[in-house]
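Asks: Please find the sequence and the predicted model below.
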Amino acid sequence: QKEVEQNSGPLSVPEGAIASLNCTYSDRGSQSFFWYRQYSGKSPELIMFIYSNGDKEDGRFTAQLNKASQYVSLLIRDSQPSDSATYLCAVNNRVLGNEKLTFGTGTRLTIIP
Amino acid sequence: ETGVTQSPTHLIKTRGQQVTLRCSSQSGHNTVSWYQQALGQGPQFIFQYYREEENGRGNFPPRFSGLQFPNYSSELNVNALELDDSALYLCASQTATDTQYFGPGTRLTVL
């Protein structure tokens, strides 16, 4: 079982709709959860982080965390063509005191105009 | 803009050669991590440096080594390059919380 799993997609969503991206993780001791956006040929860009169970909203983005189910998701409202990218879920595994991030393979999102 | 810079942007080497990649992080960010991202994969943790000492290492062989300097810059060195080392190498600077911000990356091609 992979430590962090994401559906690789591609996920196609009409412009203006809600895009829903999902991620599961295996380490119950994970404490911090991150979503990064990566455009083709570019480096990952931090979008959201969440530490506590529940929802966290930032503009059009909402991160949701359920530690009991070991599940974290990202909702993008009013999807725009510029949201087309690969979205990486990352989990902080504090192994031996360091802040190592473990990433999923990413979900490729395409917003259809 | 994350304030993290990396050089060079692109690099082509041949198998068996050695390479040094450089990263400069924001002032005050005394933790830096290096990741390798192969095509179509998520970044893989190589190692982390905190106050100039290695503070954790991923599943990479000893030919991957690093340094961190007092001026918040760091290096990733890879000896005896192999074809599978071709990837995007990412440096991440960490804030006082555990949030990591990535530099633009160095694309390494090994022929």
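Replies: Received, thanks.
Asks: thinking in terms of the whole chain, how far from its middle is the lowest-mean-pLDDT helix or strand in chain B?
Replies: Lowest mean confidence among the helices and strands of chain B (mean pLDDT, DSSP states H and E): strand B:53-57, at a mean of 90. Distance, stretch centre to chain centre, for strand B:53-57: 13 Å (C-alpha atoms, centre = their mean, to the nearest Å).
Asks: partners of the helix or strand following that strand in the sheet?
Replies: Where DSSP states H and E defines the elements, the next helix or strand beyond strand B:53-57 is strand B:64-68. Note on strand B:64-68: by DSSP bridges, its sheet partners are strand B:73-78 (antiparallel).
Asks: going on from the strand it pairs with, what's the next piece of helix or strand?
Replies: That would be, after strand B:73-78 and using DSSP H and E, strand B:87-94.
Asks: residues making contact with that next one?
Replies: Strand B:87-94 has contacts (C-beta atoms under 8 Å, 6 or more residues apart in numbering or on different chains) with A:43-44, A:99, A:101, B:2-4, B:6, B:21, B:23, B:25-26, B:29, B:31-39, B:43, B:72, B:74, B:76, B:100-103, B:105-108. C-beta: built from backbone N, CA, C; applies to glycine.
Asks: hang on, B:Phe45 packs against A:Asn92?
Replies: No: with contacts counted by C-beta atoms under 8 Å, B:Phe45 stays clear of A:Asn92, the gap being 10.9 Å.
Asks: related to what we said a few turns ago, can you list which of the contacts of strand B:87-94 are found in strands?
Replies: Among these, the residues falling in strands (DSSP state E) are A:101, B:6, B:21, B:23, B:31-37, B:74, B:76, B:100-102, B:106-108.
Asks: Cool, thanks, talk later.
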